[in-house]
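A predicted structure for the sequence below; I have some questions about it.
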Amino acid sequence: MLRHMSTAVIAASDPAHLWDAVVARNRKFDGALFYGVSTTRIYCRPSCPSRRPKPENVQFFFEPDAAEQAGFRACKRCRPRELAAAGKLELVRNVCRTVEQNVDSPLPMKQLSAALKMNAATLDRAFKQSTGITIKQYAEARRLSLFKTSLRYGRDVTTAIYEAGYNSSSRVYEHSNAKLGMTPAAYSKGGDGARIRYAIAPYSAGRALLAVTDKGVCSVKLGDDPGRLIQELEGEYPKAELIHAGGELREWMSNLLRRLEGEVEMPDLPIDVRATAFQRRVYEELKRIPAGETRTYSQIAKKLGGESGRRAVARACATNNIAVLIPCHRVVRTDGGMGGYRWGLKRKEELLAREKGEKNS
């Protein structure tokens, strides 16, 4: 498996050098170099034990996806895609380990690049292809996790800020609403002091709960029992001040109910959602899916640059607390099945059917 040679270095090599690696069945190139044979339309890793092709029939690639986009199929004997995935998994582990060891200090990209013998851009690209987020986003997420843990264990906000490696408090407060859903002080008290207004209304498939902060919609829940919906909201914000405010939210609720009945041309409502960096990228991609259309979990993962992120996308959809406004109901399985839906598959099917009907009417 390739451990000390970057894809960028190999890509810059002379084609004759690449062919020599194939002839020698050089395992050092496995995971970073692939060759396709035009006569069989199959691509392999350099150390594949199969019979060597004629050099004039060979094309070189540096990613399995590039070979497959060119019309080649993975060799069943050497399984080049599995090897590439294993190599990238090891790289991801090494990056995560280094970030964890330095989470309370600035992102050590120079150290990472030197340790893995890859230039920073190539390293970051490989990490993003495997995880869906950049190394910087991962480091920020881990730093935020450390910050939140300190708050939960009773540290004052200033101490937690500097223990987590933030250089100043201004940066934390600048992004606190987006990352925590509330100020750091309120988060440290379990949401104590946060003011959340909510309303519940019936629609054709049951009941809908809409909850908003001063920043925007923080929760949309669907079900049949209003009491159960309120209990779920209380579980999300156990120490927040929950205020029933049906009249105040009349216009916002009307917007939501019309969406639930299938109307596709509705103005966007502001959203105040707590999410990881990866979840936010998934949610933004979901909002780009036109009403009345669907995408698969794999398509969303590919859009985000991940090669094996289908399950991560599915988890992000499953933990979406804002039904319809973040339209995870528009994501289905590759085989055409509905997949999962937090609010029930029947509701998912009805939502899609209404949107398609409205769009085609």
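Yes, it's here.

right, and Gly262 touches Val324 too?
No. When contacts are counted by Cβ atoms under 8 Å, Gly262 is not listed as touching Val324 (10.5 Å). Quick note: C-beta positions are derived from backbone N, CA and C, even for glycine.

who touches both of the two?
Leu351 (Cβ atoms under 8 Å, 6 or more residues apart in numbering).

of these two, which one has the most company?
Neighbour comparison, Gly262 and Val324: the larger count goes to Val324, with 23 against 20 (by other Cβ atoms under 10 Å).

nearest spatial neighbour of that one, skipping sequence neighbours?
Leaving aside its chain neighbours, Val324 sits nearest to Arg259 (5.0 Å; criterion: Cβ to Cβ, 6 or more residues apart in numbering).

what's the separation between the one you found and Ala277?
Arg259 sits 27 Å away from Ala277, taking Cβ to Cβ, to the nearest Å as the criterion.

those two: which is more packed in?
Arg259 (23 against 17).

you'd agree that one is up against Glu265?
No. In this structure, Arg259 is not within contact of Glu265 by Cβ under 8 Å, at 10.1 Å.

residues of the helix or strand where the residue nearest to Val324 lies that come out buried?
If you go by DSSP states H and E, Arg259 is part of helix 250-260. Using 16 or more other Cβ atoms under 10 Å as the test for burial, helix 250-260 gives 252-253, 255-257, 259-260.

would you format those residues as TSV with distance to Glu68 and pLDDT included?
As requested, the buried residues of helix 250-260 are exported to TSV (distance: Cβ to Cβ, whole Å; pLDDT from 0 to 100):
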residue	distance to Glu68	pLDDT
Trp252	46	91
Met253	47	91
Asn255	43	90
Leu256	42	91
Leu257	45	90
Arg259	38	88
Leu260	40	89
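
identify the farthest-apart pair in those.
Trp252 and Leu260 (13.0 Å; Cβ to Cβ).

what backbone torsions are found at the residue of the chain most remote from its centre?
For the chain, the largest distance from the centre (Cα atoms, centre = their mean) belongs to Lys54, which lies 42.3 Å off. The phi/psi pair for Lys54 (degrees, to the nearest 10) reads phi -70, psi 140.

how near is it to Ala66?
22 Å.

same deal with Arg354?
Distance, Arg354 to Ala66, by Cβ to Cβ: 41 Å.

with Leu304 instead?
Distance, Leu304 to Ala66, by Cβ to Cβ: 18 Å.

ditto for Ala323
38 Å.

higher neighbour count, those two?
A count of neighbours by other Cβ under 10 Å puts Ala323 above the other of Ala323 and Ala66, at 26 against 15.

now do the helices in the stretch 101-250 of the chain.
Using DSSP state H, counting those that start in this stretch, the helices of the stretch 101-250 of the chain run over residues 109-116, 120-131, 135-152, 157-163, 169-174, 176-180, 184-188, 226-236, 250-260.

count of residues packed around Arg25?
Neighbour number of Arg25 under other Cβ under 10 Å is 14.

what about this protein, any weak spots by pLDDT?
1-17, 83-91, 100-108, 116-118, 129-132, 141-193, 276, 306-309, 358-361 (pLDDT under 70).

apply 50 and report the result again.
1-13, 162, 167-170, 173, 176-180, 182, 184, 188, 190, 307-308 (pLDDT under 50).

and the strands in the stretch 201-350 of the chain, which stretches?
Residue ranges of the strands in the stretch 201-350 of the chain, as given by DSSP state E, counting those that start in this stretch, are 206-212, 217-223, 241-244, 295-296, 331-332.
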